[in-house]
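1. Pasting the sequence and the predicted model now:
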Number of protein chains: 4
Amino acid sequence: MPGSSIGQRLVLTSFGESHGRAIGAILDGCPAGLELEEKDIQKMLDQRKPGQNLISTQRKEGDVVEIVSGVFRGYTTGSPITMLIWNSDQKSKDYDNLKTKLRPGHSDYPAMVKYNQFNDHRGGGRFSGRLTATHVMGGAIARKLLKVAAKIETNSFTSQIGKIKMEKKFNEKMITSIYKNEVRCPEIKTAKLMRENILNAKKKGDSLGGIIESITTNVPVGLGEPIFSSLESDLSKAMFSIPSVKGVEFGSGFAGSELQGSENNDLYTIKKGKIITKTNNSGGILGGISNGMPITMRIAFKPASSIAQKQSTIDIKTKKETILQVKGRHDPCVVPRAPPVVDALVALTIADHALISGIIKPVL
Amino acid sequence: MPGSSIGQRLVLTSFGESHGRAIGAILDGCPAGLELEEKDIQKMLDQRKPGQNLISTQRKEGDVVEIVSGVFRGYTTGSPITMLIWNSDQKSKDYDNLKTKLRPGHSDYPAMVKYNQFNDHRGGGRFSGRLTATHVMGGAIARKLLKVAAKIETNSFTSQIGKIKMEKKFNEKMITSIYKNEVRCPEIKTAKLMRENILNAKKKGDSLGGIIESITTNVPVGLGEPIFSSLESDLSKAMFSIPSVKGVEFGSGFAGSELQGSENNDLYTIKKGKIITKTNNSGGILGGISNGMPITMRIAFKPASSIAQKQSTIDIKTKKETILQVKGRHDPCVVPRAPPVVDALVALTIADHALISGIIKPVL
Amino acid sequence: MPGSSIGQRLVLTSFGESHGRAIGAILDGCPAGLELEEKDIQKMLDQRKPGQNLISTQRKEGDVVEIVSGVFRGYTTGSPITMLIWNSDQKSKDYDNLKTKLRPGHSDYPAMVKYNQFNDHRGGGRFSGRLTATHVMGGAIARKLLKVAAKIETNSFTSQIGKIKMEKKFNEKMITSIYKNEVRCPEIKTAKLMRENILNAKKKGDSLGGIIESITTNVPVGLGEPIFSSLESDLSKAMFSIPSVKGVEFGSGFAGSELQGSENNDLYTIKKGKIITKTNNSGGILGGISNGMPITMRIAFKPASSIAQKQSTIDIKTKKETILQVKGRHDPCVVPRAPPVVDALVALTIADHALISGIIKPVL
Amino acid sequence: MPGSSIGQRLVLTSFGESHGRAIGAILDGCPAGLELEEKDIQKMLDQRKPGQNLISTQRKEGDVVEIVSGVFRGYTTGSPITMLIWNSDQKSKDYDNLKTKLRPGHSDYPAMVKYNQFNDHRGGGRFSGRLTATHVMGGAIARKLLKVAAKIETNSFTSQIGKIKMEKKFNEKMITSIYKNEVRCPEIKTAKLMRENILNAKKKGDSLGGIIESITTNVPVGLGEPIFSSLESDLSKAMFSIPSVKGVEFGSGFAGSELQGSENNDLYTIKKGKIITKTNNSGGILGGISNGMPITMRIAFKPASSIAQKQSTIDIKTKKETILQVKGRHDPCVVPRAPPVVDALVALTIADHALISGIIKPVL
């Protein structure tokens, strides 16, 4: 498959460009018989939507989803589910002066070479963060499917912005607090600091990065197809398709590589008749297969590449150094908008594996 | 595809079990006309082979590769290249007492559940690190292909063992020093410390983890298929198929998420008529596409799960807690044997994308 | 991939239902730089459109294509090309009484069981011949790509309706005559007889089948990936995705199996410096690979399943025999509308293989 | 995937060349827990083996299968099952004079161009009928899986050799008679005539083709993934990967295209509480989905291309016409050896779809 699709039995295909006529997604392989309406998807899209507060871009992306196929009388039919969002608030002119000046950190230069300048460069075109709305459309369905058909739940939150980190370890009680603030950090005190930091960066014409943590609970033992479709392989593949993601780790991850085996090994015990591990340094995955513990992942986002400060760069026409000042409305930090995107891709990947493993059946 | 294969146009299929009759690999999609003989593959297998020194397992894995198809009169034919290694030094009895006691950190438990106990558990079976020899077989060919057909070179080395880290940043001149010591760290002084640390852990019946860094040079601009077959997506998918890998980052990675955009953005300039970036925080990939800079990746390995110390665990038969002491010969640290495995999977992934992009042609 | 997509490097995804909101297609993997506008696609859609004359259904399917992504300033961008047709002339009520009475020859019964009655049954839903418009959308682009990038041309025509067969063998001069009559048979005299036969069948409330012949010229030597992606394998797979197709043969096909080797073998000779065969019983494919001769294929269509006559069947509710009379507007013979569908799927398959073989490059 | 693999969840990968060191097959995705030993596979290989009588080639292909992975203590493990046959009776010299003279009807010329002469030409190399033994290895397992896990049975037989056709229609009672004669035709009288015809052709240095019929019974309703992985699509794709196959039809096939809808439609009725059709012109497939009736297919084989008679051809070196006389030991008719190959590929395809549909589970 070319690069616009992901999954094996549950396949998301994303299409559209930031300033094109529409963006959209097709979810093929979703079991027939899932109750589904547009508001199931809209809710999660709204969590990703920009322009909601001071810390995100003031662009108004209506992001109203329209289902055009695959749902009949309120239930999925087993046929591909097609979802559309029509683009409206396009200010393509903002990008006209960028056409020749390469924006540092963006895909402009490699995309220009790869597609021999035929790519739609407006607003980042196919590479715009806006396209993550298509992931959310498909993921919202996968997430509902997981919940309804297998009681699996996936959530994620902001655990770090720049150098500001959460103090406590995440626990499941915090889930209800995630969307209570703009940065989507369930620790109120830290959330405030994060917000301030973002506003400071914005004031300076700069940007921040951060870390999203994802936790998936009630995963049955046995998801993942060794060797090359290990659960970690497929989850990381999905994560690295999100713009700005530059690192992914499971369980104790990079920190775990500094531990000794006797410290990092999770010892087995029995709780309420169920085999569990006392710790979860493995992040719920051993040998590429889920072991029944929560799947935990940390995802590193680089600081947003679009900054208001002047930067030196190359003008592709003159092949000389020049000064670039990116205009337009941009997020000083994309991390607060990322949790629904992470949730969507985690849900798509886990649901795909649940279908492969026979945990979820092709018809509900 | 089920999980034993990776790649789209250049596909590696791995087969075999640690204590079965043989392990092997098929590489399908390799262009016809590549000069190839067994010693091209053997050389890289020997770099991975255990039993070479004090710091690795004393198991003797002959690991002699035999090509049984796809090569004719010294050149690849365009047909699938099949490679075999017959297993010999099997001490399956060592694992008999393990059959019911779940080894912490290993795939025993999830594999047992997933395959309803039909899986071959001897020596870790399909999940054994031994299987990475099959990756190396395929990767050795891909690496040669990249070099011959596109002058792309990939190398990796140990940059951290436990808490011991290299002092200097890696530079290309260090490449020739990688295999000059047992830990495959190009910094001699640090290599010695790492070796001592591993021997210490071994003495205590414990194990260590560490970090491998990978660098691929002379990559043309334009590899990677957005959105979902981004170069980072496919490289990370390959890395997470290596047992013990729990984290992957590109360029500035997790550290980059603490920087500001003005610090992390790589500014463009021109050098010898070629557009390059002054820094390489992106790790050579922007928007999922190679930008012509070296591709840099850091891969976190957890400490080896097999340790000689007693550990509490569950006996699957009695469903009660018990004490386990893993016998047999095990690596106190797998990291020094990992560079050829990382190189193999990087080469396979980059070569696959080179074929997709038309950089390498289906016939040389 | 679930079943809504076809191809490896050039992938068509079809979506929508006969009486849903829209039908559409995504073509992913089309090289950047192909000049493309809606009328390139519309022309071929119009050839498939019903309601144009007495011998086809009087339903008015507007079939106006709208490109919503993947084309920028008149050229393909390398991103997925999304095309939509909004449904309008829906008379879903005609199908209400069919909901429980199984229509012979249709997918009603197996679809009902497969999807546990969640499938959209209106107008045949996902199984309607109307969906072949989505193949034509993608195929029109592939056909233009083949012509522009490789000078390959594909055409097809009606060679048989019921028992009426063309008298002469097809030759390339006939191509311009194909669309000069309603049945798309380039032999005028035979075309008239075919038309009469169809009208007769219609009068009796019955239907006819027939045979389409396809010929693709200027195919370079070397397309096809043995063993399992042979050119015949992939072309036949595409053909059997067309509703009503029940047979496919290449070159001398079924008749060839009655010949002797000395009669059926195509002998090589040289013409204008080019190696060709004196006959073309192979249909241009040897060992699954194109040999440079025209690719010839014959495709058998069963008579249309929807007939006005009363038929005995089962009522799924009562599980008893009953009488069914299909109403609505139906084609007494779908064959005359099939050539553009065949051309589309042939073009998609050949273009996919041209990309795989490197004959067409990922960027024009 | 390159061309050496077929299937989605149950994937067969074929490797090896006719005169190479070995041929073999990997079956990945086979559920764990299937009882399996070499003789399950050997039995079906023996049915395909040449040199058993006067009407087939006198080459001795030992064809002794060896399982080297994926089976543990008599049961499949869920890991890839690798099977090998070592080549022995190679007379590659017979082919030396063929190297420059193009053999009519063979893949020599297109393969030479496609692989730029790097392909292994000995004995047809990768294109030899010998490679169908790899299909049989995988198919024997799939066939057993279908029987054990879903009670689905598939059989095929010779229904026509040259112009000699069976007189009666096949019925299930004939199954036990198929392997009672050398031509594998269950009609004794016709079998004798077929045998004589083959011997006559052989005497004249000529060859014959014929038709194989395949019938699969007890198929549940609901296999097949519309639109593009219709059951007919995937079965035909598999059939056309067999050398010499030039036509495939389901149910009434080409003959059905001459019927009227009222004649060809299969009317529904109820028998023993089960919905069936009174006739089976659909060949058990409607809308690309199995409808519960037996799946019937006819497969046309061209006459064998290797004939002893002199043929005019081109010498690729001189680029001039020359006379070729193929030596070596060849089948005057490959059809009698084809039923196990057809059965194998039918079983692989149906089992793949049974896994996709959830009819067969990933672990038995």
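-> Ah, there it is.
2. ok, how many other residues are close to whatever residue of the stretch 201-350 of chain A ends up closest to chain C?
-> Distance from chain C to each residue of the stretch 201-350 of chain A (Cβ to the nearest Cβ) is smallest for residue A:348, at 13.4 Å. Any C-beta I mention is one placed from the backbone N, CA and C, and that applies to glycine too. Using other Cβ atoms under 10 Å in any protein chain shown, residue A:348 has 28 other residues around it.
3. For it, give me its contacts.
-> Shown in contact with residue A:348 (Cβ atoms under 8 Å, 6 or more residues apart in numbering or on different chains): A:6, A:7, A:10, A:12, A:135, A:138, A:139, A:142, A:238.
4. if we go to 7 Å?
-> A:6, A:7, A:10, A:12, A:138, A:139, A:142, A:238 (Cβ atoms under 7 Å, 6 or more residues apart in numbering or on different chains).
5. May I see those organised as CSV, with secondary structure and pLDDT added?
-> Listed next are the contacts of residue A:348 as CSV, based on DSSP: H, G, I helix; E, B strand; the rest coil; pLDDT from 0 to 100:
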residue, secondary structure, pLDDT
A:6, strand, 98
A:7, coil, 98
A:10, coil, 98
A:12, strand, 98
A:138, helix, 98
A:139, helix, 98
A:142, helix, 98
A:238, helix, 98
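6. so which of the residues you listed would you say is closest to residue D:361?
-> Residue D:361 lies nearest to residue A:10 out of the contacts of residue A:348, by Cβ to Cβ, at 17.9 Å.
7. Number of residues surrounding the residue lying closest to the residue of the stretch 201-350 of chain A closest to chain C once chain neighbours are set aside?
-> Excluding its sequence neighbours, the residue lying closest to residue A:348 (Cβ to Cβ, 6 or more residues apart in numbering or on different chains) is residue A:142, at 4.5 Å. Residue A:142 is flanked by 27 other residues according to other Cβ under 10 Å.
8. quick one, what contacts residue A:145?
-> By Cβ under 7 Å, 6+ apart, the contact set of residue A:145 is A:30, A:31, A:34, A:351, A:360.
9. Quickly find the element holding it.
-> In the assignment (DSSP states H and E), residue A:145 maps to helix A:132-150.
10. Ok, residue A:215 next?
-> Going by DSSP H and E, residue A:215 is in strand A:210-217.
11. so that strand versus helix A:132-150, what angle?
-> Following axes from the mean of the first three to the mean of the last three Cα atoms, to 10 degrees, one obtains 20 degrees for the angle between strand A:210-217 and helix A:132-150.
12. hey, where'd the helices end up in chain A?
-> Taking DSSP state H, the helices of chain A run over residues A:38-48, A:108-114, A:132-150, A:188-203, A:231-239, A:253-256, A:261-264, A:339-356.
13. can you pull the buried residues of the first one?
-> Buried residues in helix A:38-48, defined by neighbour count with 16 or more other Cβ atoms under 10 Å in any protein chain shown: A:40, A:41, A:42, A:44, A:45, A:47, A:48.
14. would a markdown table of the contacts of residue A:145 with distance to residue A:69 be doable?
-> Below are the contacts of residue A:145 laid out as a markdown table (distance: Cβ to Cβ, whole Å):
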| residue | distance to residue A:69 |
| --- | --- |
| A:30 | 12 |
| A:31 | 16 |
| A:34 | 15 |
| A:351 | 19 |
| A:360 | 21 |
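15. Tell me the one of these nearest residue D:158?
-> Proximity of the contacts of residue A:145 to residue D:158 (Cβ to Cβ) peaks at residue A:31, which lies at 42.2 Å.
16. Tell me, how many residues neighbour the closest one?
-> Residue A:31, neighbours per other Cβ under 10 Å, totals 24.
17. What spatial separation is found between the residue of chain A most remote from its centre and chain D?
-> Going by Cα atoms, centre = their mean, the residue of chain A most distant from its centre is residue A:318, 37.1 Å out. To chain D, residue A:318 is 43 Å away according to Cβ to the nearest Cβ, to the nearest Å.
18. which ones are touching the residue nearest to residue A:257 when sequence neighbours are not counted?
-> Once flanking residues are discounted, residue A:257 sits nearest to residue B:209: 3.8 Å by Cβ to Cβ, 6+ apart. By Cβ under 7 Å, 6+ apart, the contact list for residue B:209 reads A:256, A:257, A:259, B:162, B:301, B:302, B:303, B:335.
19. Tell me the one of the residues you listed nearest residue B:64?
-> Closest approach between the contacts of residue B:209 and residue B:64, by Cβ to Cβ: residue B:335, at 24.5 Å.
20. Just the pLDDT for the closest one.
-> What the model reports as pLDDT for residue B:335 is 97.
21. burial of it, as a residue count?
-> A count of nearby residues for residue B:335, using other Cβ under 10 Å, gives 30.
22. Run the chain-centre distance for the helix holding residue A:145.
-> 12 Å (Cα atoms, centre = their mean, to the nearest Å).
23. hey, C-alpha coordinates of it in CSV?
-> Taking Å, rounded to 0.1, in the frame of the first residue of the first chain, the C-alpha atoms of helix A:132-150 are listed here in CSV:
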residue,chain,number,x,y,z
THR,A,132,-4.6,14.5,12.1
ALA,A,133,-8.3,15.2,12.1
THR,A,134,-8.6,12.3,9.6
HIS,A,135,-6.9,10.0,12.1
VAL,A,136,-9.3,11.2,14.8
MET,A,137,-12.3,10.4,12.6
GLY,A,138,-11.2,6.8,12.1
GLY,A,139,-9.9,6.5,15.6
ALA,A,140,-13.2,7.6,17.2
ILE,A,141,-14.9,4.7,15.6
ALA,A,142,-12.1,2.3,16.6
ARG,A,143,-12.2,3.6,20.2
LYS,A,144,-16.0,3.0,20.4
LEU,A,145,-15.6,-0.4,18.9
LEU,A,146,-13.0,-1.4,21.5
LYS,A,147,-15.2,-0.2,24.3
VAL,A,148,-18.4,-1.8,23.1
ALA,A,149,-17.0,-5.1,21.8
ALA,A,150,-14.1,-5.7,24.2
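24. any weak-confidence spans in the stretch 101-250 of chain A?
-> Nowhere does the stretch 101-250 of chain A drop to pLDDT under 70.
25. Ends of stretch A:84-104, what's the gap?
-> The first residue of stretch A:84-104 is 31 Å away from its last residue (Cα to Cα, to the nearest Å).
26. on that earlier part again, how confident was the prediction at the residue of the stretch 201-350 of chain A closest to chain C?
-> On the pLDDT scale, residue A:348 gets 98.
27. same thing with the one 3 residues further on?
-> Residue A:351 is assigned a pLDDT of 98 by the prediction.
28. Same check on residue A:98?
-> 53.
29. How about residue A:24?
-> 98.
30. Am I right that it is in contact with residue A:81?
-> No. Residue A:24 lies out of contact with residue A:81 (Cβ atoms under 7 Å); the separation is 10.7 Å.
31. For the stretch 1-150 of chain A, which residue gets nearest to chain D?
-> In the stretch 1-150 of chain A, the residue that lies nearest chain D is residue A:9 (7.5 Å; Cβ to the nearest Cβ).
32. Neighbours of the closest residue to that residue other than its chain neighbours, how many?
-> Spatial nearest neighbour of residue A:9, excluding adjacent residues (Cβ to Cβ, 6+ apart): residue A:355 at 4.2 Å. For residue A:355, the tally of surrounding residues (other Cβ under 10 Å) stands at 25.
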